[in-house]
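**Student:** Sequence unavailable; structure follows:
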């Protein structure tokens, strides 16, 4: 789980630009990961942790996160599988610098974070075994945020999802996996774009807020160049009736275990 306490970062030791001084320090995975994020603007939620728990990576494989933010997804993946080679892309320079700070604070200072737009830039990045992304969710015509950094992180452009899927296809090896975590109303668009980009073996993994409640977010995983049929898995209930995390969710958020029922997928 993510906890917070105020602790401004000194630029003399972190080399983070002045605009990043308003930050909060906390932890991920019940204190196993040190994590700093902005006080204002986009704030890390549960999605990057859930996404990282689904990546079917093995020792020595290469994983690319598109739009890595302050690094929560990469950090959780590296905690679960420290022997992988991780790379991040983050268009916002200040957020990318914060991701580098977080990776260094947890002993992964050699993890490269590219400050470029995707997919137009980063054409040198090729032959990854896995890609993952938690794309922006809010429609392009939604009310803009007064914080430009947050607006960039949350606003889904007209073609953003399609372009990110196509860009991932260009950077994955044959049979490589792409994992996305999305709101339910973007699932149909994502499946159409995945199939157009030659992805198959599409797996849907819904997250139910509580028993009897409709799923609001869904994890989608697909593999490049395969034609295997799609499947919908049982998914995971996140909260008990009293609002506390279920045991399954708590194990993911605190102990960095793979998603329940996803173990068979972790054999790529």
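**Tutor:** It's in. Here the structure is a predicted model, which means the values were calculated and not measured. Numbering: from 1, shown residues only.
**Student:** give me the element the most centrally placed residue in the chain is part of.
**Tutor:** Nearest to the mean C-alpha position of the chain, by CA atoms, centre = their mean, lies residue 48 at 3.9 Å. Taking DSSP states H and E as the criterion, residue 48 maps to helix 47-52.
**Student:** residues contacting residue 174?
**Tutor:** 224, 225 (CB atoms under 8 Å, 6 or more residues apart in numbering). No exception for glycine: its C-beta is placed from N, CA and C like everyone else's.
**Student:** partners of the helix or strand hosting it, with directions?
**Tutor:** Secondary structure from DSSP H and E places residue 174 in strand 172-183. Using DSSP bridges, the strands paired with strand 172-183 in its sheet are strand 128-133 (parallel), strand 217-224 (antiparallel).
**Student:** Which residue ranges of the stretch 151-268 of the chain form strands?
**Tutor:** 155-156, 172-183, 199-208, 217-224, 231-232, 236-237 (DSSP state E, counting those that start in this stretch).
**Student:** For residue 96, list the residues it contacts.
**Tutor:** Counting by CB under 8 Å, 6+ apart, the residues that residue 96 touches are 68, 88, 90, 113, 114, 115.
**Student:** could I get those residues as a markdown table with secondary structure and pLDDT?
**Tutor:** Converted to a markdown table, these look like this (DSSP: H, G, I helix; E, B strand; the rest coil; pLDDT from 0 to 100):
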| residue | secondary structure | pLDDT |
| --- | --- | --- |
| 68 | coil | 95 |
| 88 | strand | 97 |
| 90 | coil | 96 |
| 113 | strand | 97 |
| 114 | strand | 96 |
| 115 | coil | 95 |
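**Student:** Now flag whichever of those is closest to residue 213.
**Tutor:** residue 68 (29.8 Å; CB to CB).
**Student:** Can you give me the neighbour number for the residue nearest to that closest one when sequence neighbours are not counted?
**Tutor:** Spatially, and ignoring its direct neighbours in sequence, residue 68 is nearest to residue 88 (3.4 Å; CB to CB, 6 or more residues apart in numbering). A count of nearby residues for residue 88, using other CB atoms under 10 Å, gives 24.
**Student:** you'd agree residue 88 is up against residue 114?
**Tutor:** Yes. Here residue 88 reaches residue 114: they are 7.1 Å apart, a contact under CB atoms under 8 Å.
**Student:** Mind putting the strands paired with strand 172-183 into a markdown table with mean pLDDT?
**Tutor:** As requested, these are arranged in a markdown table below (pLDDT from 0 to 100):
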| stretch | mean pLDDT |
| --- | --- |
| strand 128-133 | 98 |
| strand 217-224 | 97 |
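**Student:** so which of those strands gets nearest residue 183?
**Tutor:** strand 217-224 (5.8 Å).
**Student:** Please enumerate residues in contact with that closest one?
**Tutor:** With CB under 8 Å, 6+ apart, strand 217-224 has contacts from 47, 50-51, 54, 56, 169, 172-184, 187, 190-191, 194, 197-207, 235, 259, 265, 268.
**Student:** what residues does the helix holding residue 48 touch?
**Tutor:** So helix 47-52 is contacted by 28-29, 69, 72-77, 80, 132, 134, 179-181, 207, 217, 219, 252-253, 259 (CB under 8 Å, 6+ apart).
**Student:** out of the residues you listed, which are buried?
**Tutor:** Burial by neighbour count, 16 or more other CB atoms under 10 Å: within those this picks out 28-29, 69, 72-77, 80, 132, 134, 179-181, 207, 217, 219, 252-253, 259.
**Student:** can you give me the helices for the stretch 1-150 of the chain?
**Tutor:** 11-14, 47-52, 72-80, 93-105, 148-154 (DSSP state H, counting those that start in this stretch).
**Student:** ok, and the closest non-adjacent residue to residue 132?
**Tutor:** residue 179 (4.4 Å).
**Student:** which residues does that neighbour contact?
**Tutor:** 51, 54, 55, 130, 131, 132, 133, 219, 220, 221.
**Student:** ok, what's across the strand from it?
**Tutor:** Beta-bridge partners, per DSSP bridges, of residue 179: residue 132, residue 221.
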